[in-house]
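Enquirer: Pasting a predicted model and its sequence here:
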Amino acid sequence: MMKKYNLVYKIKILFTIFLISFFFTTCAASAGHETVLTANESQQHFDVNSNMNSSTYRVRKGDTLYSIAWAFEMDFRLLAQMNSLQSPYQIYPGQELQIPSKQKTEVTLSQSMEIINEDDSPSLNLLIWCWPAEGRVVQGFAPRHGGNKGVNIKGYFGQKIRAAADGRVVYGGGNVQGYGNLLIIKHSDSYLSAYAYNSRFLVKQGDWVRSGQIIAEMGSNAAGKTMLHFEVRYNGIPINPATCRFLKCLIS
């Protein structure tokens, strides 16, 4: 009877030691774990713990520095600086980039929008802006609280989409979730424009385009509505396209 009791006692001690060891191993692993955002987690917004100062994003095939900065609503120059990247900002699939926290990004977004709405940058008026598509604006600019960061222009499938101003195509693809087939044009270091839900691209990444040049054909969003979603950003911050003083496109 005594031997049986000692055996049970030893088993309990061994089991207790195992649980303690497992607990500390798990805690150590969690403490050293680094959050890495994948394609599904990055989406159009920043999904990680807002208490973190930064996290990392794993580059996918087809990404550019500009498309990643666009997805996280940040200035591409800040993203480059955070990751010690120099122009022309070459990145490769599998590379991990540091991304600022959602909390930090949202504070910057809120403060910057107030500044931009009060006083437009003088360089804004140096660009010749062209309205990108004919059609009725069915949803206007309302960026706060997760609203529309551009304008939605209703049209027909295959309708011509035009470049809003002179610039270089810095992204063409479907990696930025929520934008479908997206084109991004860099007009200057501060100003970029984007054209979402295209059915077909008529220019490619690296092309220089002129204001009013046809760059794509209109497609449909995830809900099946045919439209162009058009955005203009200043230093990574969405601005109201109405402030760009658009002219009628004269290029056919």
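Expert: In hand now; what should we look at? Just so it is clear, the structure is predicted and the values come from calculations on it, not from any experiment. Residues are numbered from 1 along each chain as shown.
Enquirer: Could you find the closest non-adjacent residue to residue 240?
Expert: Counting by Cβ to Cβ, 6 or more residues apart in numbering, residue 141 is the residue found nearest to residue 240 once chain neighbours are left out, at 4.3 Å. C-beta here means a position set from N, CA and C on the backbone, and glycine is covered the same way.
Enquirer: wouldn't that neighbour be in contact with residue 233 here?
Expert: No - counting by Cβ atoms under 8 Å, residue 141 does not reach residue 233; the two are 11.9 Å apart.
Enquirer: The helix or strand residue 200 falls within pairs with which strands?
Expert: Using DSSP states H and E, residue 200 sits within strand 198-201. Note on strand 198-201: by DSSP bridges, its sheet partners are strand 214-220 (antiparallel).
Enquirer: and the following helix or strand past the partner strand, what other elements does it pack with?
Expert: Using DSSP H and E, the helix or strand that follows strand 214-220 towards the C-terminus is strand 226-234. Under the contact criterion of 3 or more Cβ pairs under 8 Å, 6 or more residues apart in numbering; DSSP states H and E, strand 226-234 touches strand 151-154, strand 191-196, strand 214-220, strand 237-239.
Enquirer: still on that earlier bit, so for residue 141 and residue 233, which residue has more residues nearby?
Expert: Between residue 141 and residue 233, counting by other Cβ atoms under 10 Å, residue 233 is the more crowded of the two (23 against 20).
Enquirer: Now do residue 226 against residue 213, distance only.
Expert: For residue 226, the distance to residue 213 equals 22 Å [Cβ to Cβ, to the nearest Å].
Enquirer: meant to ask about residue 227, not that
Expert: For residue 227, the distance to residue 213 equals 21 Å [Cβ to Cβ].
Enquirer: Look at those two and report which has more neighbours.
Expert: residue 227 (25 against 18).
Enquirer: Show me what that one is bridged to.
Expert: According to DSSP bridges, beta-bridge pairing links residue 227 with residue 154, residue 219.
Enquirer: wait, it sits on residue 195?
Expert: No - counting by Cβ under 8 Å, residue 195 is not a contact partner of residue 227; they are 11.0 Å apart.
Enquirer: if we can go back for a sec, ok, which of the helices and strands packed on strand 226-234 comes nearest residue 62?
Expert: Taking Cβ to Cβ, strand 191-196 is the member of the helices and strands packed on strand 226-234 nearest to residue 62, at 15.6 Å.
Enquirer: Residue 66: what secondary structure?
Expert: Applying DSSP: H, G, I helix; E, B strand; the rest coil to residue 66 yields a three-state assignment of helix.
Enquirer: Any stretches of this protein with poor pLDDT?
Expert: 1-54, 102-125, 247-252 (pLDDT under 70).
Enquirer: can you do 90?
Expert: By pLDDT under 90, the low-scoring segments of the chain are 1-55, 100-128, 143-147, 241-252.
Enquirer: That one: strands as residue ranges?
Expert: 36-37, 54-58, 96-100, 137-139, 151-154, 160-162, 167-173, 182-186, 191-196, 198-201, 208-209, 214-220, 226-234, 237-239 (DSSP state E).
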